[in-house]
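Chemist: when you get a sec, could you give me coordinates for this:
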Amino acid sequence: MGIERRVWRGLTRIVLLLVAVTALGGGLPATVWPQSVVLPLGSLKPSKSVSSGAEFFKGARYVGSTACQRCHAREYDEWQTTWHAKMTRTPSPEVVVGDFNTVVHTFPKVEADHVDGKGVALIDPSIRLTNRDGRYFFTLLDKDNPANEVTYEVDVVIGGNWDQHYEALVEGQHFPSPMRWAVADKSWLIGGYRPGDWFKADGTPDGIPRKPNELKKLRASQAKCAMCHETGYTPALDPATKKWVGKPIELGIGCEKCHGPGSLHVEANRDPAKKDPGKIIHGTKDLNALQQTMVCAQCHGRNTNKKEKDLAFQVGFLPGDINLPSLVSFWTYDDSDPQHNRYFWPTNWARRNRQQWQDFRLSKHFTKADVTCLTCHTFHGKWEPRQLRMDKAQLCVQCHTEAGLAKMPNAELFAGSAMAQRGVTCTDCHMAKIGWRTNPSVANPKTHWDTTSHTFMVSKPEMAIQYGQRAACAVCHVKDGWAATLPFTREQADTILKTRQVEIRGLIGEAQEAVRGAEAQLAKIRDARKQRAKLNEIAPILASAKSSIDLIIKDGSFGAHNYSRARELLPRATAQADRALVVAGGRPKPRPPAIVAVAPTAPVEKQPGVGTPHFKSEILPVLEQNCAKCHNPANRLGGFVVTDHRSIMTTGDHTPTVIHGNPDASILVQKLKGTHTVGVRMPIDAPLLSDEQIQMIADWVKTGAFPDVREGEH
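Modeler: Next comes the predicted model:
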């Protein structure tokens, strides 16, 4: 037995060595992925102690970006070329891109309040856009009574990268105009932007323009837009007029929006010879991952202020803070307000733009790694389109290789695939354009699909079938996509994907079984000298087989990244293991074909008790019956509420309590199983859940922890 153990230790060493050698050479494609750039992650050892922005910046005030220019000229010049700097500007021929050349635009079927205050009605109001000596105007028209017409001048311009919007200064407040320009289309949006806020229904087809004093005060920019479009803005409610007012330190998203109010920093560095970092924040050096992400989330996540419901933004947040969830309610699909949930798919993935935070908090980049917005995006130095640190085709492979941070050979396996040969990159599937920013325009009346997902998960055909969510496949495999010659219905795409993954899982199991068989046969050889000789012959064969199997398993896509390569490597690994078995004196068993057919999925709503657990009829009743006594809106034990999907996903002192797709890391499942490191197993005042109930909840979390489909959404 002592000789046998020594032989097996030798076998282990040889196999491990050959696996490593094979992984670096013959077992993988020859492609070499450049990894010369170290992408920044959340700082594990910040250069400054920033427990919170409120504490760090105590006594500081905003001074404007020009105060930074004296010492940071290069960074200032770089920032000025970004759309952050150009977010809000005064109108000029160089800034305005919309057509104001005496254009009349009519908004069809606009819902407007009736003049008598009783209900709403549909009207078709019109505006006229004019340009007078570099000044820009819009006139609310009344075709049946021109005396009612009202003209406003554009006072500030918003954006210009994707859409461009215009605001008028009316009685001390800025109001978003009813028209919006689609930059790529070079056309006005058909529906504009809330034109019903500018007209009333009076029984005529086009309605009647509101007078300046009739505009809705709570729709002013000072209550809905200013905090994210300007820097150093502090809103205040005028008690006499009930208007939200306030002026920013500067228009646009300035240096201090991300680096913090700079007065103390400027004061500490008035002497040019003195270089005191002082009270200012360098995001990638001074902030941890959550702090970095929160800096961006203050604007890149639609929300409503918790304290002042009139406001659509946070108040009081500073770089370094992590208290955004206590300041605002981030919109989700589960909101009771239909004006909020329509911005999301039933999976809670973003359906519209400016919701990167809602997406990102669902991703493993956020829940498992220290990846932040600043890992991929930068606003100083060199950048690629969309402020990316490098070309998107190279960005993902800085981490997603076997030697990279992710320790996953995604890039190695994807290389040479049919999709790679057609120019498809990681982001085409993992950041597919499943949402939209620009609404239909006169020139292009279709859904624009111009907003990428930031969950970094693939929107699969199954999601399109169950929830109506746009699948990543639909981006290309449609009439006007690059793969127009391979158009798939969502059911066909779902069948192809599932069938292939079932096949690859089967091939993995078959190869692993063959390897175990060869190793077991070798162990049966009792003669130490003969065993050693067989070991030397078999070890490189098994090492190559294990290398191929490990490559497919570590990749994690079960063939989705490169189906042909997986089907090539796994049968080869099985054949190699069988050859090793023969050398060891065994006989391989016959194997049937591993391909398993999967029937097409019909586009019907998920039924309770079938497949993925149904939240409303299966998950929620278990939690309400066993947990809601303590975890309800009134008691909120541990800050956690289980009475509705939104509360389950967003409440708790240690949120996120549920991590989409990862039941083992979800506090909810840990508490029910009794595996959480803090506290006792739940529930306390009720019988413990059965193994079947806990498994059902774990399965629900593993498959995405989705709410149910709303009526009519498929």
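Chemist: switch to C-alpha atoms for all contacts and neighbour counts from now on
Modeler: Will do.
Chemist: for stretch 299-309, the averaged confidence score.
Modeler: What stretch 299-309 shows for mean pLDDT is 97.
Chemist: so where is the chain shaky, pLDDT-wise?
Modeler: Scanning the chain for pLDDT under 70 picks out 1-37, 272, 479-486, 592-611, 653-656, 660, 708-714.
Chemist: taking the centroid of it, which residue is nearest it?
Modeler: For the chain, His454 is the residue whose C-alpha lies nearest the centre (C-alpha atoms, centre = their mean; 2.2 Å).
Chemist: isn't that one right up against Arg352?
Modeler: No. With contact defined as C-alpha atoms under 8 Å, His454 does not reach Arg352; the gap is 11.5 Å.
Chemist: coming back round to it: the residue nearest to the centre of the chain falls within a strand, correct?
Modeler: No. Under DSSP: H, G, I helix; E, B strand; the rest coil, His454 sits outside any strand and is assigned coil.
Chemist: ok, it to Pro571 distance?
Modeler: For His454, the distance to Pro571 equals 36 Å [C-alpha to C-alpha, to the nearest Å].
Chemist: does Leu374 sit in a helix, a strand or a coil?
Modeler: Leu374 ends up helix, using three-state DSSP.
Chemist: can you report how many residues lie near it?
Modeler: For Leu374, the count of nearby residues is 22 (other C-alpha atoms under 10 Å).
Chemist: and if you look at Asp685?
Modeler: Asp685 has 10 neighbours, counted by other C-alpha under 10 Å.
Chemist: same deal with Gly509?
Modeler: 16.
Chemist: now do the same for it: helix, strand or coil?
Modeler: At Gly509 the chain is in helix, as set by three-state DSSP.
Chemist: now do Phe100
Modeler: Classification of Phe100 using three-state DSSP returns coil.
Chemist: just confirm it contacts Arg135, I think it does.
Modeler: No. The criterion here is C-alpha under 8 Å, and Phe100 misses it with Arg135 at 9.7 Å.
Chemist: overlap in contacts of those two?
Modeler: Shared contacts of Phe100 and Arg135 (C-alpha atoms under 8 Å, 6 or more residues apart in numbering): none.
Chemist: mind splitting the chain into its structural domains?
Modeler: Domain segmentation of the chain under automatic domain parsing yields 88-227, 615-702.
Chemist: save those as CSV, and put in distance to Met390 too.
Modeler: Output for these, formatted as CSV (distance: least, C-alpha to C-alpha, whole Å):
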stretch, distance to Met390
domain 88-227, 20
domain 615-702, 29
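Chemist: among those domains, which is nearest Phe344?
Modeler: Phe344 lies closest to domain 615-702 among the domains of the chain, at 12.9 Å (C-alpha to C-alpha).
Chemist: now do the closest one: distance to the chain's middle.
Modeler: With C-alpha atoms, centre = their mean, to the nearest Å as the basis, domain 615-702 stands 24 Å off its chain's centre.
Chemist: first-to-last residue distance for that domain?
Modeler: 13 Å.
Chemist: with stretch 519-539 instead?
Modeler: Terminal residues of stretch 519-539 are spaced 10 Å apart (C-alpha to C-alpha).
Chemist: return the set of buried residues in that stretch.
Modeler: Going by neighbour count (16 or more other C-alpha atoms under 10 Å), the buried part of stretch 519-539 is 519, 521-522, 525, 531-532, 534-535, 538-539.
Chemist: which of those residues sit farthest apart?
Modeler: Pairwise distances across the buried residues of stretch 519-539 (C-alpha to C-alpha) peak at 14.9 Å, for the pair Ile525 and Ala539.
Chemist: not counting its neighbours along the chain, what's nearest Asn353?
Modeler: Closest residue to Asn353 apart from its sequence neighbours, by C-alpha to C-alpha, 6 or more residues apart in numbering: Arg437 at 5.0 Å.
Chemist: mind telling me what element Gln339 is part of?
Modeler: Using DSSP states H and E, Gln339 maps to helix 338-341.
Chemist: again, but for Cys68
Modeler: Using DSSP H and E, Cys68 maps to helix 66-69.
Chemist: which strands or helices does whichever helix or strand comes after that helix pack on?
Modeler: Per DSSP H and E, the first helix or strand lying C-terminal to helix 66-69 is helix 73-80. If you count contacts as 3 or more C-alpha pairs under 8 Å, 6 or more residues apart in numbering; DSSP states H and E, helix 73-80 packs onto helix 66-69.
Chemist: need phi/psi at Leu140.
Modeler: phi -80, psi 120 (degrees, to the nearest 10).
Chemist: does it really touch Thr151, like I thought?
Modeler: Yes. Counting by C-alpha under 8 Å, Leu140 does reach Thr151; the two are 6.3 Å apart.
Chemist: more crowded one of those two?
Modeler: Per other C-alpha under 10 Å, whichever of Leu140 and Thr151 has more neighbours is Leu140, with 25 against 17.
Chemist: how close does the more buried one sit to Pro195?
Modeler: 10 Å.
Chemist: state the number of residues packed around the residue lying closest to Ile281 once chain neighbours are set aside.
Modeler: In this structure, Ile281 finds its nearest non-sequential neighbour in His259, 4.8 Å apart by C-alpha to C-alpha, 6+ apart. His259 has 17 neighbours, counted by other C-alpha under 10 Å.
Chemist: quick check on His259: phi, psi?
Modeler: phi -100, psi -10.
Chemist: show me what contacts it?
Modeler: For His259, the contacting residues are 280-283, 319, by C-alpha under 8 Å, 6+ apart.
Chemist: from Leu689, how far off is it?
Modeler: Counting by C-alpha to C-alpha - His259 and Leu689 are separated by 49 Å.
Chemist: Lys143 now?
Modeler: For Lys143 relative to Leu689 (C-alpha to C-alpha), the value is 68 Å.
Chemist: among the contacts of His259, who's most crowded?
Modeler: With neighbours taken as other C-alpha under 10 Å, the top of the contacts of His259 is Pro319, carrying 29 neighbours.
Chemist: part of a helix, is that residue?
Modeler: No. Looking at Pro319 with three-state DSSP, it is coil, so not inside a helix.
Chemist: look up how far His259 lies from it.
Modeler: Taken as C-alpha to C-alpha, the span from Pro319 to His259 is 6 Å.
Chemist: would you mind listing the residues touching both of those two?
Modeler: By C-alpha under 8 Å, 6+ apart, Pro319 and His259 have these common neighbours: Ile281.
Chemist: show me the helices in the stretch 101-250 of the chain, by range?
Modeler: Using DSSP state H, counting those that start in this stretch, the helices found in the stretch 101-250 of the chain span residues 221-224, 226-229.
Chemist: any residues touching the last one, and which ones?
Modeler: Applying C-alpha under 8 Å, 6+ apart, the set of residues contacting helix 226-229 from outside is 87-88, 158, 233-234, 251-253, 298-299, 313-314.
Chemist: re earlier: extract the C-alpha set from the next helix-or-strand element following the helix holding Gln339 and format it as CSV.
Modeler: Once helix 338-341 ends, the next helix or strand along the chain (criterion: DSSP H and E) is helix 356-360. The C-alpha trace of helix 356-360 is given here as CSV (Å, rounded to 0.1, in the frame of the first residue of the first chain):
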residue,chain,number,x,y,z
GLN,A,356,-27.3,51.7,-15.3
TRP,A,357,-27.3,51.4,-11.5
GLN,A,358,-30.5,49.3,-11.5
ASP,A,359,-28.9,47.0,-14.0
PHE,A,360,-25.4,46.9,-12.5
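Chemist: which element follows helix 356-360 toward the C-terminus?
Modeler: helix 364-367.
Chemist: now that following helix - C-alpha only, CSV.
Modeler: The C-alpha coordinates for helix 364-367 follow below in CSV (Å, rounded to 0.1, in the frame of the first residue of the first chain):
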residue,chain,number,x,y,z
LYS,A,364,-21.8,39.5,-10.7
HIS,A,365,-19.4,42.4,-11.4
PHE,A,366,-21.1,44.2,-8.5
THR,A,367,-22.1,41.3,-6.3
